[in-house]
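1. Got a sequence here, can you model it:
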Amino acid sequence: MRPAPPATLLACALLSVAGCASTAVGDAGTGMRDAAAGASATPASDPASVGPVVAVPQIARPQGETAQWWYTSGAAHAARNGAMSGSAHNVIVFLGDGMSLTTVAAARILAGQREGKPGEEHLLAWEHFPHTALARTYNVDAQTPDSAGTMTAIASGVKTRAGVLGIGPAALRGDCAASVDARLASLLDIAQGAGLRTGIVTTTRITHATPAAMYAHSPDRNWENDGQLPPEALADGCRDIASQLVDPRSGRVPDVVFGGGRMHFLPLTQVDPEYADRRGRRADGRDLIAEWRTAHPGGAFVWNRDGLAAAAGRSPVLGLFEYDHLHYEHDRPADPGEPSLAELTTAAIARLSGGDTGYLLLVEAGRIDHAHHEGNAYRALTDTIAMSDAVAAAMAATSDTDTLVLVTADHAHTLTFAGYPIRGNPILGKVVGSSGEEADPDAYARDGTGLPYTTLGYANGPGHVGPSASQPAGPKHHLHRARDQQPATGRADLTAIDTTDPDYLQEATVPLASESHGGDDVGVWASGPGSAAVRGSLEQHVLYHVLVQATPRLRARLCAIGGCNGDGVPVLLSTAGDASGAAPVGATRDVVRPAAPR
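-> Model (predicted):
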């Protein structure tokens, strides 16, 4: 059994007591007033506080940052912002993987320019939402985060380590034995326990970090099939991510699953249904798709647009539309059988709607991140525009009176937006305008050596102009598998280069085979019941608490298993089995719960 959190931590979660600090002075437990006054234990008042006050223990950071502390601090901030007043029936979370604020700004302009406008005045679908915030994305062990740790924060309300899925910070990455007692309940677990219908839609493999954080518990995000687990992890009882989707410990699969990644569901001997030259990757001989079909005779497995249409009225549905990831939006027309993200979103909402209990849906535009890693702004921006189309489709299919819609990113990237281009200058083009106060606004701006440059660039990545083993010195094109990169002798002359070409790679300052994530804050946009709680500067894990507190059925589920304080605020960790209503095999309890005061 997992050791119980310190008594002070539990007491602070349930009551406002000496030795605790109210989040009226900050979600870290010691705000500016406390810091200036020597960390007074008396909660200060805050005119911005509109909800119940949840006390948070004062701790030494980072040493005192346990899973329970993160959970309590997130609950406190969400409650302070008024999330408990929400009355959402349905919840939709849109996640633009790697969608930095620079990505949003550049995609906004590109979308507007595609409509014949200058572009700067254009708005993406979520930019019409009434409530916005910034989210701080770091992992507990990383200044610049990864998608597994960040999505676990959003899905579980606990900040954690980079590279782990559904696992709290007590377990190191790759440590299967330690991870068993560090499993966290997710939004999906809670929603299933509350009787909501659930769905996951992504343009990546369904076993990739962001979607997997909703249903899997894995100390390593890369354990997507059994062949990727080391022998000691298998011996310690860890399961691969694909098998956890098909055969969950709770016994309940999501009602809708749309994504890619058939490779991780089929055995080595099984030919893929779409590509005759590809076979599965599973070493254990299991055909997880066949197992899923057997377990759900009234459901449907689909892998293309026609199959999706033919599955109308059947539930649940497992849609794996690609062997690997889905195509980038720019490349998707070459595969007429692959639906767009907007189509998949619309289909998911139609399947989940209509019941009395409501639904929870995650929609990820996951390949924004991949395009950035490949140094290709064109595909990153066009996939962001495709996500905007999906958000618009969701808003058209729902009502803001009962559906809470939240749009955010898990982390940023190093895309830069610079120079002094004139209004309406092609966002993917070379800068036309000023490089200084006296320059000709109708000519290319020039660098200090007289060469033109683009508005968009990357701080690092495969777009570096030095030679590599696969492409010569000069501008690089997609897909650049950068090996043995060499220093550049100077910038490339872009005068005759079409930098708006979809395959052009923006110039990168530091040569890397894969462009890196960025550590800057990401945007959060929200609409619907409870969305007013999305404001200010938030730790990323607070988003989970906003969603739970603003949805009566979700918070009631947590209260029913003893996770709430006297004000009905969910403040205590629960296991996935408790939250979903089915005890997981070999599970231990995350906390020993004292009776909540009445």
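2. now stretch 53-63, how far from the centre of its chain.
-> How far stretch 53-63 lies from its chain's middle: 26 Å, per Cα atoms, centre = their mean, to the nearest Å.
3. And the average pLDDT for it is what?
-> Averaging pLDDT along stretch 53-63 gives 96.
4. Quick check: buried residues in that stretch?
-> Using 16 or more other Cβ atoms under 10 Å as the test for burial, stretch 53-63 gives 53-59. (Glycine included, C-beta is placed from N, CA and C.)
5. Residue 219 reaches residue 174, doesn't it?
-> Yes - between residue 219 and residue 174 there is a contact under Cβ atoms under 8 Å: 5.6 Å.
6. Now go through the buried residues of stretch 53-63 and say which are in strands.
-> Of those, the ones assigned to strands by DSSP state E are 55-57.
7. Looking at these, spot the one nearest residue 466.
-> Using Cβ to Cβ, residue 56 comes nearest to residue 466 of those, at 49.7 Å.
8. does that closest one really touch residue 72, like I thought?
-> Yes - using Cβ under 8 Å, residue 56 makes contact with residue 72 at a distance of 5.6 Å.
9. hmm, back to that, residues shared between the contacts of residue 219 and residue 174?
-> residue 233 (Cβ atoms under 8 Å, 6 or more residues apart in numbering).
10. where does the stretch 451-598 of the chain dip in pLDDT?
-> Applying pLDDT under 70 to the stretch 451-598 of the chain flags the ranges 582-598.
11. so where do the strands sit in it?
-> 456-461, 508-511, 517-518, 522-527, 536-539 (DSSP state E, counting those that start in this stretch).
12. Residue 357: which of those is closest?
-> With Cβ to Cβ, the closest approach to residue 357 among the strands of the stretch 451-598 of the chain belongs to strand 522-527: 21.4 Å.
13. residue boundaries of the helices in the stretch 201-350 of the chain?
-> Using DSSP state H, counting those that start in this stretch, the helices of the stretch 201-350 of the chain run over residues 209-212, 231-235, 241-246, 288-295, 305-310, 341-352.
14. again, but for the stretch 351-500 of the chain
-> Going by DSSP H, counting those that start in this stretch, the stretch 351-500 of the chain shows helices at 367-373, 377-397.
15. circling back to that earlier point, could I get the buried residues of stretch 53-63 in CSV, plus columns for distance to residue 511?
-> As requested, these are exported to CSV (distance: Cβ to Cβ, whole Å):
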residue, distance to residue 511
53, 51
54, 48
55, 50
56, 44
57, 46
58, 45
59, 41
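16. which of the helices of the stretch 351-500 of the chain sits most buried?
-> Among these, helix 367-373 has the highest mean neighbour count (mean count of other Cβ atoms under 10 Å), at a mean of 27.
17. Distance from that one to the middle of the chain?
-> Distance, centroid of helix 367-373 to centroid of chain: 13 Å (Cα atoms, centre = their mean).
18. for stretch 399-413, same thing?
-> Centroid separation for stretch 399-413 versus its chain: 11 Å, with Cα atoms, centre = their mean.
19. Using CSV, write down the CA coordinates of it.
-> Taking C-alpha atoms only, stretch 399-413 is exported to CSV below (Å, rounded to 0.1, in the frame of the first residue of the first chain):
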residue,chain,number,x,y,z
SER,A,399,-24.2,24.7,-27.4
ASP,A,400,-22.3,27.0,-25.1
THR,A,401,-25.1,26.7,-22.5
ASP,A,402,-24.1,23.1,-21.7
THR,A,403,-20.7,22.3,-23.3
LEU,A,404,-17.4,23.5,-21.9
VAL,A,405,-14.8,23.8,-24.6
LEU,A,406,-11.2,24.3,-23.7
VAL,A,407,-8.4,24.8,-26.3
THR,A,408,-4.7,24.7,-25.3
ALA,A,409,-1.3,23.3,-26.1
ASP,A,410,0.9,21.0,-24.2
HIS,A,411,4.1,22.9,-24.8
ALA,A,412,5.7,25.4,-27.2
HIS,A,413,8.4,25.1,-29.9
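20. Pull out the buried positions in it.
-> Of all the residues in stretch 399-413, those buried under the rule 16+ other Cβ under 10 Å are 403-413.
21. Listing partners with orientation, what would you give for the longest strand along the chain?
-> As assigned by DSSP E, the longest strand anywhere in the chain is strand 197-205. Taking DSSP bridges as the criterion, strand 197-205 pairs within the sheet with strand 256-260 (parallel), strand 359-365 (parallel).
22. Who is residue 522 paired with across the strands?
-> Beta-bridge partners, per DSSP bridges, of residue 522: residue 135.
23. So if we follow the domain assignment, how does the protein break up?
-> Under automatic domain parsing, the residue ranges defining each domain of the chain are 86-121+132-359+401-413, 422-515.
24. can you pull the contacts of residue 571?
-> Residues in contact with residue 571 (Cβ under 8 Å, 6+ apart) are 13-14, 54, 71-72, 75-76, 563-565.
25. What separation is there between residue 481 and residue 376?
-> 13 Å (Cβ to Cβ, to the nearest Å).
26. out of the two, which sits in the busier spot?
-> The residue with more neighbours, out of residue 481 and residue 376, is residue 376; 29 against 12, by other Cβ atoms under 10 Å.
27. I'd say that one and residue 478 touch.
-> Yes - if you go by Cβ under 8 Å, residue 376 and residue 478 touch, sitting 4.7 Å apart.
28. Report the set of residues contacting both of those two.
-> With Cβ under 8 Å, 6+ apart, residue 376 and residue 478 have common neighbours 502-505.
29. Now those residues in TSV, please, with extra columns for distance to residue 304.
-> Output for these, formatted as TSV (distance: Cβ to Cβ, whole Å):
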residue	distance to residue 304
502	24
503	26
504	31
505	31
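30. Looking at the residues you listed, spot the one nearest residue 80.
-> residue 505 (44.6 Å).
31. Check the spacing between the closest one and residue 494 real quick.
-> According to Cβ to Cβ, residue 505 and residue 494 sit 12 Å apart.
32. of these two, who's got more company?
-> Neighbour count, other Cβ under 10 Å: between residue 505 and residue 494, residue 505 has more, with 27 against 20.
33. Hmm, that one is touching residue 480, no?
-> Yes - using Cβ under 8 Å as the test, residue 505 is close enough to residue 480 to be in contact (6.0 Å).
34. joint contacts of these two?
-> Going by Cβ under 8 Å, 6+ apart, residues that sit against residue 505 and also against residue 480 are 374-375, 462-463.
35. want to throw those residues into JSON lines with neighbour count and distance to residue 83?
-> Output for the shared contacts of residue 505 and residue 480, formatted as JSON lines (neighbours: other Cβ atoms under 10 Å; distance: Cβ to Cβ, whole Å):
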{"residue": "374", "neighbour count": "25", "distance to residue 83": "38"}
{"residue": "375", "neighbour count": "32", "distance to residue 83": "39"}
{"residue": "462", "neighbour count": "27", "distance to residue 83": "42"}
{"residue": "463", "neighbour count": "26", "distance to residue 83": "42"}
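36. Okay then, goodbye and thanks.
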